[in-house]
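Asks: Give the three-dimensional model of this entry:
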Amino acid sequence: MRLEAQKVWKDNSPINKGELQLTLVYLCDEFPADIDNIIKPIQDALVDLVFEDDSLVSDVDSHRRFLSDPIEIKSLPSLLQRAVLIGKECVYVKVSEPQPLEKYL
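Replies: Residues are numbered from 1 along each chain as shown. As a prediction, the model looks like this:
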C-alpha cells in the first residue's frame with residue numbers, strides 16, 4: 001500500500017495539523033475483504049508519508065464496488081478511471097479536509 005501511495009503523493013512533508021477525511025473506494029473481485037477491515041491498514045501505511053499521525057484522521061468515508069458491476073467512469077478522478085478500466089482489484093484513497101458534521105446528517 002505504502003509503495004503505491006508514494007508513487008502519487010507528491011508533497012515533500014506530511015500533514016502535521018488539522019483534521020483530515022479519508023475517502024476510500026475499494027474496487028473488488030467476487031471475494032472481497034470486509035470494508036471495515038481495510039481502513040486501519042491503509043491509515044497506518046500513510047503515516048509519515050501523507051500525515052504525521054493517523055490521529056489527524058477524523059472522518060472516513062468508505063465504499064466497496066464490485067468490478068463485475070457496471071461503473072460509470074466519466075466523472076471519476078483519473079486514477080480511479082484507470083483502475084476501473086484495468087479491472088484489477090485496488091483501493092483508491094483521497095485525503096481532504098472533513099466536511100461539517102451537518103453535511104452527514
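Asks: Quick check: residue 82 is in a helix.
Replies: Yes: under DSSP: H, G, I helix; E, B strand; the rest coil, residue 82 sits within a helix.
Asks: What distance do you get for it to residue 19?
Replies: As judged by Cβ to Cβ, to the nearest Å, residue 82 and residue 19 stand 29 Å apart. Using the backbone N, CA and C atoms, a C-beta is placed for each residue, glycine as well.
Asks: what separates stretch 7-26 from the chain centre, distance-wise?
Replies: Relative to the centre of its chain, stretch 7-26 is centred 9 Å away, using Cα atoms, centre = their mean, to the nearest Å.
Asks: Could you list the buried residues of that stretch?
Replies: Of all the residues in stretch 7-26, those buried under the rule 16 or more other Cβ atoms under 10 Å are 15, 20, 22, 24-26.
Asks: Stretch 46-62 now?
Replies: 46-47, 50-51, 54, 56-57, 60, 62.
Asks: Could I get the CA-only coordinates of it as PDB?
Replies: Extracted C-alpha coordinates of stretch 46-62, given in PDB (Å, rounded to 0.1, in the frame of the first residue of the first chain):
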ATOM      1  CA  LEU A  46       0.000   6.700   5.100                       C
ATOM      2  CA  VAL A  47       1.700   7.700   8.400                       C
ATOM      3  CA  ASP A  48       4.800   9.800   7.900                       C
ATOM      4  CA  LEU A  49       4.100   9.900   4.100                       C
ATOM      5  CA  VAL A  50       0.700  11.800   3.900                       C
ATOM      6  CA  PHE A  51       0.200  12.700   7.600                       C
ATOM      7  CA  GLU A  52       2.400  12.600  10.700                       C
ATOM      8  CA  ASP A  53      -0.100  10.600  12.700                       C
ATOM      9  CA  ASP A  54      -3.300   8.800  11.900                       C
ATOM     10  CA  SER A  55      -4.900  10.600  14.900                       C
ATOM     11  CA  LEU A  56      -5.400  13.500  12.400                       C
ATOM     12  CA  VAL A  57      -8.000  11.500  10.600                       C
ATOM     13  CA  SER A  58     -11.400  12.500  12.000                       C
ATOM     14  CA  ASP A  59     -13.600  11.100   9.200                       C
ATOM     15  CA  VAL A  60     -13.500   8.100   7.000                       C
ATOM     16  CA  ASP A  61     -15.900   7.600   4.000                       C
ATOM     17  CA  SER A  62     -15.500   4.100   2.600                       C
END
